[in-house]
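K.L.:
Sequence unavailable; structure follows:
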Ligand code: FAD
Ligand code: DLZ
Ligand code: SF4
């Protein structure tokens, strides 16, 4: 045998670099379901089922093309449970001349791959992942010599480079960014469209049975399972988004509503991250929708910025700063993760609702992740490693290269400002403005202290006081610090005392509060 081509669970693209030049007559594909990957955090059962089912469907599609696939299932009694040992076993069995792999998405796996050549006595070729607009080297070149690495400037460079939403050197519409139009609250009577559900087929049902047996103790509902598991199904999900949601994506991008977990969001991140969809085709289709007059520019630019801008940028930050990035903790946060991130048992309705939607769908949209669970963790001083492990476990789209910068950099300011020019700290007023959560909450978003005061208010001002030395000179927080300065010493002491009492007691189940889960 000539080449053994390893395809990892998040590399399910027919055009993945490792398959370039594949010759079915002499080469073979290797795919591995391994306990190491299913258990390095306690992934949401839907995430495990999605990945395993998508892997099995991908292998079946390759076989239909006449490609030989060595596929090791999770319950194979001979399965040793790790990439390294399974590659060693396959290499001993098949004796390839060369092992070809595409660079891994996660630092942890990349480190393992780097040791294979020496460990296995086998030539290993590791190819760059060409599914991204910017290679790791492109990002490093852009970052070199810059004082600040703001996403907005990276994004403008990428717009110029790709020509997306450009007329020559000028951004279409005369502006790079239309975010000011993208902060509307969802009107009470407006109903976002229902989501496409993909009924599980025989392959998915077998995976659901396996996952149900092996991962019953993990946080999250396994069923109903409605994810796309093939490229065709993922393309249908993209069509659904473009036809039914994109037009309203911009306006309500920052809104939150308890009866509409998906609003007008794409719900495409797992497919992009697994390789069922490619970022280039998704952006091109969105641009085409605008050019055809099917969606306004604020929606399409906002959507393309998430993928061409944020998604590429966080990957660049991850590879530029790993492995140190995972240990950043600029605000010296050490509090353990409260139990209600798993149970949802808290009187804070916003948090309970986001935990509920996460449990049920392995999904929460960006503002829920950033401004509810992320904001709470920031304000309460939750240890970055604990909350990062939570995010990595609970979302179907969670892979460390994209999860970690969003948590450390965007939500927690743990990287000290590599990504964000100020912490995304917000009081209850933000959540009250952008959601319907507060209406049914035991707390009052208008109260800063005293009985019924919203914990986000208490913790917001307490956070600013605790971190005044580090954040007090930040010009983007000047207004907040001026408001703080106008508070009496007594009022500040009350905030500090009540915030301390809240934090000390927050793990107690709320008295008389019905469980939302
Ligand atoms: P939409 O809102 O419809 O956006 C379209 C696409 O843009 C997404 O599918 C996604 O591919 C991309 N995108 C949007 N925002 C970001 C972003 N900030 N970073 C990278 N890509 C983005 N995204 C992940 O894919 N995996 C994660 O593990 C992850 N963890 C996050 C943790 C935190 C604390 C925060 C604040 C954000 C995280 N995100 C993560 C980014 C974002 O929340 C999700 O990509 C988005 O919610 C996915 O839903 P959607 O497909 O409906 O996105
Ligand atoms: C996340 C995940 C899971 C749950 N299971 C597998 C698996 O059994 N086999 C596999 O190849 N990949 C899996 N993955 C995705 C890997 O964790 C992913 O490929 C790495 O994180 C990328 O570095
Ligand atoms: Fe959340 Fe405060 Fe609103 Fe309650 S009042 S839902 S805790 S922001």
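P.N.:
Looks like it arrived, so ask away. Here the structure is a predicted model, which is why all the values come from computation and not from measurement. Ligands and ions are numbered 1, 2, ... in the order given.

K.L.:
what comes up buried for stretch 349-361?
P.N.:
Buried residues in stretch 349-361, counted by 16 or more other CB atoms under 10 Å: 349, 350, 351, 352, 353, 354, 355, 356, 357, 358, 359, 361. C-betas here are computed from N, CA, C, even on glycine.

K.L.:
Secondary structure element for the fourth one, which one?
P.N.:
Assigned by DSSP states H and E, residue 352 belongs to helix 349-361.

K.L.:
Please name every helix or strand in contact with that helix.
P.N.:
If you count contacts as 3 or more CB pairs under 8 Å, 6 or more residues apart in numbering; DSSP states H and E, helix 349-361 packs onto helix 340-343.

K.L.:
correct me, but residue 126 touches residue 101?
P.N.:
Yes. Using CB atoms under 8 Å, residue 126 is in contact with residue 101, at 5.5 Å.

K.L.:
Just give me the neighbour total for residue 414.
P.N.:
Residue 414 has 29 neighbours, counted by other CB atoms under 10 Å.

K.L.:
you'd agree it is up against residue 330?
P.N.:
Yes. Contact status for residue 414 versus residue 330: in contact at 5.6 Å, counting by CB under 8 Å.

K.L.:
overlap in contacts of the two?
P.N.:
Counting by CB atoms under 8 Å, 6 or more residues apart in numbering, no residue touches both residue 414 and residue 330.

K.L.:
circling back to that earlier point, and the buried residues of stretch 349-361, which two are furthest apart?
P.N.:
Spatial extent of the buried residues of stretch 349-361 (CB to CB) is set by the pair 349 and 361 at 18.0 Å.

K.L.:
If we check ligand 1, which of the buried residues of stretch 349-361 are in contact?
P.N.:
Among the buried residues of stretch 349-361, no residue is within reach of ligand 1 (CB under 6 Å from any ligand atom).

K.L.:
Say whether ligand 3 is contacted by stretch 457-472.
P.N.:
No. Figure legend: stretch 457-472 not in contact with ligand 3 (CB under 6 Å from any ligand atom); closest approach 7.2 Å.

K.L.:
Give me the contact list for that stretch.
P.N.:
By CB under 8 Å, 6+ apart, the residues outside stretch 457-472 that reach it are 330-331, 376, 378-381, 422-423, 425-429, 445, 447-449, 477, 480-481, 484, 487, 492, 495-496, 498-500, 502-503.

K.L.:
Over to stretch 16-25?
P.N.:
2-3, 5-7, 11, 29, 65-68, 100-102, 127-131, 275.

K.L.:
What is the burial count for the closest residue to ligand 2 within the stretch 301-450 of the chain?
P.N.:
Nearest residue of the stretch 301-450 of the chain to ligand 2: residue 399, at 5.5 Å (CB to the nearest ligand atom). Residue 399 has 23 neighbours, counted by other CB under 10 Å.

K.L.:
shouldn't it be in contact with residue 273?
P.N.:
Yes. Residue 399 is within contact range of residue 273, at 5.4 Å (criterion: CB under 8 Å).

K.L.:
Overlap in contacts, the two.
P.N.:
Residues touching both residue 399 and residue 273 (CB under 8 Å, 6+ apart): 10, 105.

K.L.:
Could you find the closest non-adjacent residue to the residue of the stretch 51-200 of the chain found nearest ligand 1?
P.N.:
Nearest residue of the stretch 51-200 of the chain to ligand 1 (CB to the nearest ligand atom) works out as residue 151 at 8.9 Å. Closest residue in space to residue 151, ignoring its immediate chain neighbours: residue 313 at 4.6 Å, by CB to CB, 6 or more residues apart in numbering.

K.L.:
per-residue pLDDT, the one you found?
P.N.:
Residue 313 is assigned 98 on the pLDDT scale.

K.L.:
Ok, residue 513 next?
P.N.:
Note for residue 513: predicted pLDDT of 42.

K.L.:
Make 775 the starting number, not 1.
P.N.:
Yep, numbering from 775; the last one is residue 1287 now.

K.L.:
do stretch 935-952 and ligand 1 meet at all?
P.N.:
No. On the criterion CB under 6 Å from any ligand atom, stretch 935-952 is out of touch with ligand 1, staying 13.6 Å away.

K.L.:
Give me the buried positions along that stretch.
P.N.:
Buried residues in stretch 935-952, counted by 16+ other CB under 10 Å: 936, 938, 939, 945, 946, 947, 950, 951, 952.

K.L.:
what's the answer for stretch 782-792, then?
P.N.:
For stretch 782-792, the neighbour count (16+ other CB under 10 Å) marks 782, 783, 784, 785, 786, 787, 790, 791, 792 as buried.

K.L.:
Spatially, which two of the residues you listed are the most separated?
P.N.:
Farthest pair in the buried residues of stretch 782-792, by CB to CB: 783 and 791, 16.0 Å.

K.L.:
and the helix holding residue 1126, how far out from the chain's middle?
P.N.:
The chain centroid and the centroid of helix 1123-1135 are separated by 16 Å under CA atoms, centre = their mean, to the nearest Å.
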